[in-house]
Every structure is written in structure tokens, then in C-alpha cells.
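In: Quick one, structure for this:
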Amino acid sequence: MTHSDSRDQGVGVHALDSITNLTDAHRGNVVVAASHGAVYAAYVAAKGGARAVILNDAGVGKGSAGISGLPYLDGYGIAGATISHMSARIGDGGDMLARGVISHLNEAAKSLGCRPGQSCAECADLMKAAPSATVSPPEQSESRTLLRSEPGEPEVWGADSASLVMPEDCDHIVITGSHGQVLGDKPETALKYDALAAVFSDAGIGADRAGISRLPALDTRNIPAATVSVESARIGDSRSLYGEGRISCVNETAARLGAKTGMTTREFVDCIIAGLKRA
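Out: Purely as a prediction, here's the structure:
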């Protein structure tokens, strides 16, 4: 398929604050989604029939998790790229399209003339020439995992995505694999339900310190919250955040309970539980 052929078929570029906002209306189009570039985000793009997708490299981080979706997409012949987390805000698709600078590409994207250093908009335009996706990947699901359960203490649950937080988490501490940016600069998206406490990945903190913007938003709801350094644990993997993570930022509510940067995630959880008992 040539570039002009794609244009004749009305291929568009759609900016989304999260890849989980993908709908049938986006099928066959180029998607700029402000999610991290790990495998599950790539899977959602492929499953949703995106012609090509640009995600956020989220600081790349431990195990190169922030760009691990790119080779996955190559397996289905789908062009994929990430923008530098320092060039535009994660969680804000419009900002990525307006300011983003390409940092990493898969082979399918390179074959279209996409390259590091391009603007997100230029790369997305070239991706309109990509062939329409014809293969649907096998089903995957992000997981929820019970990470800790002790008598007389709140349970600690892991959710690979903040989208998996449930009403019952009002009684739990939640460790999420998601980045710490509110979606589209909307504070109400910081957390779906009022958990006892929450932990996110800082996604490298990035442009406008977006990777930690959920923290002050959760202060307004009196929810202790923290981010884990993306260099210490794999973004998108709640078990890694809990087992390997080291705290990079805490909000004021968590600080009042004694939480500090430099703690391990396990130490942060211990601190929050002890603080809640004292309160």
C-alpha cells in the first residue's frame, strides 16, 4: 500500500489519553496513545485494529519495559514507535501529538521512513502508509494479584493497570503498574475509587513532571500515594513494583504518615499501615 493509497482511503490520526480508550471508531487508523509502551498497551492497539501506534517510552526503565511493546508489534507486522517521555506528557495524547519527539521505533515503522528525532506528528503522518492490520493477537489480560494478606491489616493488591482498580479497593492498598499521570490533565482520573493508599510508576517523571501528577490530585482526596522509580521496577508490572520498587516521590498525605523517598515499596506499605493504625 502506498502513502497516497492510504490517504485516499481516509486514514486518520487519532490522539488518545490512554490506549484503553480505543474503540471501533479507531480501527484502521493511526493511533497516538499516551500510555506507556509496554506489551499490554501494544496488545490493546493490535487487538483494536490500529493501523499503527505511537506510545510513550515512559523513561524506558528497568528491563526496557517502557518500549517492550515495539518488538511485540513487529510480530504482527504493525508499525510502532514511542516518543521520549521528556518531550511530551504521558497521559495526554494531544500533548504527545503536538510536542512529542520520536525516541524508539520497531522495524515495521522504520520501513515507512520513520526515525528517531522526528516529531510525533511527522511520524504519525508517515504511518498512514502502513498496511491495514490483518492478524488479531490471542487474548491477553492484565492481572490483579493479592500481594499481601496479614490478619488485622488491610490487604495489598496489585493491579497491572489503574483501570483494574475496583470498588472493593476502598479497603485495600493498591500497587498499580500504571504511570503516575492524571489522564488529560483531569484530576478526577487519578484513581477510580478511594483506595486506602496507592502506588504508581513515575514513568521517568518526564515532561512537566507529568509522571507524578496523580500524587497532588490524590492529596485532595486524602489518599496517601507514592510513585516508584521506573529504573527500579518494570512499568506495567505490579508485582515488580511491589517486589523491586524504590519510592521516588510521595504526596503530602503519605508524608504525614511517615513515608519518605528512598524507601522500598514494601517499606512504604509497612509505613502506611502503621500510620493508618495510629490515625
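In: alpha carbons only for contacts and neighbour counts from here, please
Out: OK.
In: which residues are contacting the helix or strand containing residue 71?
Out: Element membership of residue 71, judged by DSSP states H and E, is helix 69-74. Identification of contacts with helix 69-74 by Cα atoms under 8 Å, 6 or more residues apart in numbering yields 37-43, 46, 79-81, 105-108.
In: what do you get if the cut-off is 7 Å, keeping everything else the same?
Out: With contacts defined as Cα atoms under 7 Å, 6 or more residues apart in numbering, helix 69-74 is touched by 37-39, 41-42, 79-81, 105-108.
In: Could you pull up the residues touching residue 268?
Out: Neighbouring residues of residue 268 by Cα under 7 Å, 6+ apart: residue 259.
In: How about the secondary structure of it?
Out: What DSSP: H, G, I helix; E, B strand; the rest coil gives for residue 268 is helix.
In: where exactly do the helices run in the stretch 1-150 of the chain?
Out: For the stretch 1-150 of the chain, helices defined by DSSP state H, counting those that start in this stretch occupy the ranges 3-8, 39-47, 69-74, 93-99, 107-110, 120-127.
In: again with the stretch 151-279 of the chain
Out: 214-219, 238-244, 252-256, 265-278.
In: mind checking which of those helices is nearest residue 135?
Out: The stretch from the helices of the stretch 151-279 of the chain with the least distance to residue 135 (Cα to Cα) is helix 238-244; that distance is 28.9 Å.
In: How about residues contacting that closest one?
Out: For helix 238-244, contacts defined as Cα under 7 Å, 6+ apart pick out 158-160, 175-177, 228, 232-234, 265-266.
In: residues of that helix that come out buried?
Out: With burial defined by 16 or more other Cα atoms under 10 Å, the residues of helix 238-244 counted as buried are 238-242, 244.
In: Quick one: residues contacting residue 220.
Out: Not one residue lies near residue 220 by Cα under 7 Å, 6+ apart.
In: Could you report the distance from residue 87 to residue 49?
Out: In this view, residue 87 and residue 49 are 27 Å apart by Cα to Cα, to the nearest Å.
In: Please apply the same query to residue 218.
Out: Distance of residue 218 to residue 49, given as Cα to Cα: 34 Å.
In: Can you verify my assumption that residue 137 contacts residue 47?
Out: Yes. With contact defined as Cα atoms under 7 Å, residue 137 and residue 47 form a contacting pair (6.1 Å).
In: of these two, who's got more company?
Out: residue 47 (18 against 15; other Cα atoms under 10 Å).
In: What sits closest to residue 163 if chain neighbours are left out?
Out: Counting by Cα to Cα, 6 or more residues apart in numbering, the nearest residue to residue 163 once its immediate chain neighbours are dropped is residue 192, at 7.5 Å.
In: and if you look at residue 184?
Out: Nearest to residue 184 is residue 92, by Cα to Cα, 6+ apart, at 4.6 Å.
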